[in-house]
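**Q** Pasting the sequence and the predicted coordinates here, then a few questions.
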Amino acid sequence: MRLTHITKSFGANKAVDDVSLNFSEGEIVGLVGENGAGKTTLMSIAAGELMPDDGTIEDRTNVGIVHQHFLLVNEFTIAENLALSMWGRDPAEVIRDSGIDLRGFHRRVADLSVGEKSKLELIKAIAGHPRFLILDEPTSVLAPAEARELFDVMRRLAADGVTVVFISHKIPEVLEVATRIVVMRRGRIIVDGGAMSAEQLAEAMVEKRSREDTRRRAGGGPAGGPPALRIPPLEVHPGEIVSIIGVAGNGQSELAANLRDTLRGHIAHIPEDRARDGLIAEMTIAENIALAEPRWNPRAASRRAAELIERFDIRAQSPLQRAGSLSGGNQQKVILARELERKPEIIVAAEPTRGLDIEATRFVHDELRAAATRGAAILLITSDLDEAFALGDAIYVIYRGELSARLTPGEAASQAPRLMAGVGT
Amino acid sequence: MRTRRIAIAVLAAIVAIALLAMSGIAFGHSPHELLSILISGSVGSNFALQGTLLKSIPLLLTGLSVAIAFRAGVWNIGGEGQFLAGALGAFLAARYGMVAALATSLLAGAIWASIASAMRLWRNAPEVLTTILLNFIAIHLLGYAVNGPLQEASGKYPQSDAIPVAAMLPTLGASELHAGIILAVVAAIAAWFLLYRTSEGLRLRASGFNRSAAKWAGVNVDAQLVRAMAISGSMAGLAGGIELLGVTHRLFERFAAGYGYAGIAVALLAQLHPLGTLASAFFFGALTTGAGELQRTAGISSTVATFGQAIVILVMIVFTRRRFGQTR
């Protein structure tokens, strides 16, 4: 497939700006860049879902695409969802052929974890025997073991001559699996090449590279006194960050929903499923932010939203822009702005940096650390182990809905893999 | 965005009128003739205009009732029943004066609607069904009342006695028009203020757009549902109360006359916006009085007005991107 001089604008915003790319068979292309760099737009054009304003596409083959957001019928079972796109084929066979481990195809999609849903999406895409497969942020919801499983599938497909395009923010993954790396920034291609170091890649992705590291904050740690949040064996004290890690689908979502429904008081929630639960797409940024406040008047809310847009570096035209028109990363920043600005005593953050670029991730981490320093008790539920260890003062492992004992980061480093797999303590 | 929405509404209204006029061909009249009867019969004279405004009052209130509920993602189709509950409440309280009667109509409408929200919260019974079924119950309850305990003293017709004069809404000047029109316009402005200028309205709309996200943002969506239903029901109840105190002065079997259902068309044409409801209620009021004139001069049944309502609803559903019936 050859893309030549592709340009696409949304309003005044040039999402893709004169991009030319050639793809060859059997390569795994890591397409990286910040939120809003134009990666998803470019790939939607390659897949034929969007028409470019300008430019040509030659030799388009059978393209399969797995979107960042799920396109599944929640009320249907796995088998029924598969039947929608491939009527008459045996679901067990389809799943087996894909080489992806997904059990119990009579389960309803609504009951699946996000990790399992993303596997199902992948199975759907592979079953169409694409010659060109686009994966948009596929690992953002996967635990490390699941991600490795995905990489094996990608390598197998590439060996069969399929071109795989892998959109991601996670530098180590891209370096591990991609045979070629394309970096986009503000709609343009900045780098197109093979081997590069993590440092080089990170530098290419972000314009202003801050020297700060995402290491643990010095000092800090819990203050004395009783825990702010206590659901045995879980305890979170004021001023500390407690991470919960585990393979997706082991009760993380249920835990977060349970805390939402039972905790009372000054509590912030950052929901896991941003597309569904994060923001009200039809309402403005200002209105979304105001939802957390007891009083509302439109003018004050707009002023406040304008301040927060500035402070949280949200890429928006105005506080009155519809929240649904923001990119994923910017939507997450709006949620953070809303939840953190009310100075909560407890913060329950589920996958707060899922799908975010390096800079946005660092921003979220800094905000969470700052909240902890201020005295908030923070519960971080994450499938990103680096994040769990970088931020956590203590770590619990969740497996089949059960929490492990409280572990220090040191203990967790050695015990977590076994605990996450459910093999003894 | 806003101009597009208004353009769709105007288009829907024009299509409805055009189809209505064309239907005259079936009865041996020219579309032009029917159109001129419709117009002269609804806004062509002082008398016709008063008739139109009189019809617009209950339509405005039932339209607001539907607009508020739908905005909150609550599918209240029970305007008809809540209208009757309001009228019944107003009748029973009429002996204590006008203000008491109006207040009781608000309350009665809210209570009747709340039966549906209680069933929704208790057994997750869909309000689309329960509100419709409550309409039938209200209709037969009223039928029983005017044939039994509330029948007029003379016992001649299935209707109640007239309410005391003190409870009747005063007319405006020398016209047929009563003070209910002022109440209805105030209600429209109040509904707009509620939805777009208060935090209650913000939460109602948030629950309507995306229940799940509203819940994560800390909105008590169940409480919002109960309140939206009660506010919506009180508007329809007030419509019934005003109709009793201002126009009919007594209860009878076919009292609701479809105002509750017509409210759905009014709200949809107004794109669920309270201020748009002012224009849309006037349009349907004109359609109803114009259709009455069609019956008198051209012999075409006045039920063609409901034909117009149906056309409007269909055009609005087809051309707007609102996700009907989907509450997420």
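**A** Looks like it arrived, so ask away.
**Q** Return the backbone torsion pair for the residue in the stretch 1-150 of chain A that chain B sits nearest to.
**A** When scored by C-beta to the nearest C-beta, the stretch 1-150 of chain A has A:Asn74 as its residue closest to chain B, at 10.6 Å. C-betas here are computed from N, CA, C, even on glycine. For A:Asn74, the backbone dihedrals (degrees, to the nearest 10) come out as phi -60, psi -30.
**Q** For chain B, what lies in contact range of chain A?
**A** Contact residues (C-beta under 8 Å from any C-beta of the partner chain) of chain B with chain A: B:196-199, B:202-203, B:205-206, B:209-210, B:212-219, B:328.
**Q** show me the contacts for B:Ala286.
**A** By C-beta atoms under 8 Å, 6 or more residues apart in numbering or on different chains, the contact set of B:Ala286 is B:Ser42, B:Val43, B:Thr52, B:Ser56.
**Q** circling back to that earlier point, any quick ChimeraX command for the buried ones out of the residues of chain B next to chain A?
**A** Only the buried members of these end up in this ChimeraX selection, burial being decided by 16 or more other C-beta atoms under 10 Å in any protein chain shown:
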select /B:196,202,203,205,206,209,210,212,213,214,215,216,217,218,219
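**Q** Please identify the buried residues of the helix or strand harbouring B:Leu64?
**A** Using DSSP states H and E, B:Leu64 maps to helix B:46-71. Of the residues in helix B:46-71, those buried under the neighbour-count criterion (16+ other C-beta under 10 Å) are B:48-49, B:51-71.
**Q** circling back to that earlier point, what's the neighbour count on the residue of the stretch 1-150 of chain A closest to chain B?
**A** 13 (other C-beta atoms under 10 Å in any protein chain shown).
**Q** try A:Gly193
**A** So A:Gly193, with other C-beta under 10 Å, has 12 neighbours.
**Q** if I pick it, what's in contact with it?
**A** A:Arg180, A:Ile181.
**Q** for it, which residues make a bridge with it?
**A** Judged by DSSP bridges, the bridge partners of A:Gly193 are A:Ile181.
**Q** And the helices in chain A?
**A** Per DSSP state H, chain A has helices spanning A:39-46, A:78-85, A:91-98, A:114-127, A:144-159, A:171-177, A:198-205, A:252-262, A:285-290, A:298-311, A:328-340, A:358-374, A:385-391, A:409-421. These are given in chain order.
**Q** Nearest to B:Ile137, out of those helices?
**A** Distances from B:Ile137 to each of the helices of chain A were compared using C-beta to C-beta; the minimum, 34.3 Å, belongs to helix A:252-262.
**Q** buried set for that closest one?
**A** A:Gln252, A:Ser253, A:Leu255, A:Ala256, A:Ala257, A:Leu259, A:Arg260.
**Q** quick one: which of these is nearest chain B?
**A** For chain B, the closest of the buried residues of helix A:252-262 turns out to be A:Arg260, at 6.5 Å, with distances computed as C-beta to the nearest C-beta.
**Q** Please report the distance of the residue nearest to that closest one when sequence neighbours are not counted from A:Ile100.
**A** The shortest distance from A:Arg260 to any non-neighbouring residue, by C-beta to C-beta, 6 or more residues apart in numbering or on different chains, is to A:His269 (5.3 Å). Counting by C-beta to C-beta, to the nearest Å, the separation of A:His269 from A:Ile100 is 32 Å.
**Q** Also B:Met229?
**A** In this structure, B:Met229 lies at 46 Å from A:Ile100, with C-beta to C-beta as the measure.
**Q** again, but for B:Pro126
**A** 38 Å.
**Q** I'd like the mean pLDDT over stretch B:293-300, please.
**A** Per-residue pLDDT over stretch B:293-300 has a mean of 85.
**Q** cool, stretch B:22-41 as well?
**A** On average, stretch B:22-41 scores 85.
**Q** how far does it sit from the chain's center?
**A** Mean-position distance between stretch B:22-41 and its chain equals 27 Å (C-alpha atoms, centre = their mean, to the nearest Å).
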